[in-house]
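1. Sequence and predicted structure, then a few things I'm wondering about:
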Amino acid sequence: MRMHPLHTPSWYNRYQHIYAPFLFALMTLAKVFQQDYEVATSKKLYHIDATVRYGSLFNVCRFWIMKFITLIYMMGLPIYFHGVGKGVGLFVIGHLACGELLATMFIVNHVIEGVSYGHKKKEGGNDASGNEKEDKVVIKPSTMAGNTPMEKTRQEAFESSIMNSNKKAAAVPEVPYNDWAAVQCQTSVNWSPGSWFWNHFSGGLSHQIEHHLFPSICHTNYAYIQDVVESTCKEYGVPYQSEPNLWVAYGKMLNHLKFLGMEKVE
């Protein structure tokens with residue numbers, strides 16, 4: 001699947017909006033039988049260094065022991081009591097259901113219409129004296145279309161402060177594009193904001209922005225701080241994208257996957 005503008009598109013990605021939901025179901029199976037072992041043996045999770053955990057012999061031993069115990073009681077015992085067919089069948093069905101649900105909860109929050117993607121680019125040129133400036137890395141999250149939503153929300157925040165006769169309008173701090181908290185807001189999307197039911201159902205993932213901003217607080221609080229976070233973003237000109245419900249978010253996610261897949265291969 002192609003889920004980021006920097007990924008090189010392949011011919012089959014043009015169909016990814018059709019086959020994606022089927023791949024979602026394989027999420028936890030891939031984790032249990034592939035990703036976990038790769039992290040433990042390579043001490044690396046994609047681009048993330050996992051040496052801090054798997055550099056410890058104790059943690060490595062614990063991993064293999066727990067893997068063995070887990071497979072015994074999750075697949076070995078069902079096979080022993082109900083036979084291979086039912087034992088393996090129940091194990092696979094349980095994982096397919098879990099994988100489909102988890103993958104859906106995650107992808108609609110980050111790969112969806114209107115979301116910004118973080119990337120790095122170099123800016124050079126000459127300074128006021130005509131001397132060549134040193135290149136610097138500038139992080140400016142933008143959408144697939146190349147737009148920077150934060151530029152628009154900044155202007156809206158400024159105009160709103162002027163209309164409200166805010167004497168301190170000129171003193172409103174300009175939040176940097178690469179500010180940590182601002183990046184979390186630009187690259188994440190909520191759905192069913194303020195709903196305690198969907199917040200509970202998704203384990204807090206329906207409030208993905210709050211989940212990123214406040215990882216150390218219990219997710220049950222997200223529904224109650226959501227309106228404060230949204231109004232604060234509006235005040236400082238930081239994008240806060242939110243979809244009315246999961247079904248709308250899911251539809252926009254599929255449309256975005258289709259758009260990502262249709263881009264020409266260069």
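-> Looks like it came in fine.

2. Can you get me a residue count around residue 81?
-> Neighbourhood size, residue 81 [other CB atoms under 10 Å]: 9. (Glycine included, C-beta is placed from N, CA and C.)

3. Specify the local secondary structure of it.
-> Three-state assignment for residue 81 (DSSP: H, G, I helix; E, B strand; the rest coil): helix.

4. Quick one: find the helix or strand in this structure with the lowest mean pLDDT.
-> Lowest by mean pLDDT, DSSP states H and E among the helices and strands of the chain is strand 120-123, with a mean of 57.

5. For residue 106, list the residues it contacts.
-> Residues in contact with residue 106 (CB atoms under 8 Å, 6 or more residues apart in numbering) are residue 205.

6. give me the element it is part of.
-> Assigned by DSSP states H and E, residue 106 falls within helix 77-107.

7. Which positions in that helix come out as buried?
-> 78-79, 87, 91, 95-96, 99-105, 107 (16 or more other CB atoms under 10 Å).

8. now, among those residues, which is nearest to residue 1?
-> The closest of those to residue 1 turns out to be residue 107 (CB to CB; 9.5 Å).

9. Hmm, that closest one is touching residue 256, no?
-> No. In this structure, residue 107 is not within contact of residue 256 by CB atoms under 8 Å, at 9.6 Å.

10. Low-confidence regions, the stretch 101-250 of the chain specifically.
-> 120-138, 161, 163-173 (pLDDT under 70).

11. all strands for it, in order.
-> Remark: strands assigned in the stretch 101-250 of the chain by DSSP state E, counting those that start in this stretch are 120-123, 136-139, 190-191, 242-243.

12. residue contacts, the most centrally placed residue in the chain?
-> Relative to the mean C-alpha position of the chain, the nearest C-alpha, by CA atoms, centre = their mean, is the one of residue 110, at 4.0 Å. Applying CB under 8 Å, 6+ apart to residue 110 gives the contacts 187-189, 208.

13. Would you mind checking these for buried ones?
-> 187-189, 208.

14. For the residue nearest to the centre of the chain, give me phi and psi.
-> Main-chain torsions, residue 110, degrees, to the nearest 10: phi -130, psi -30.
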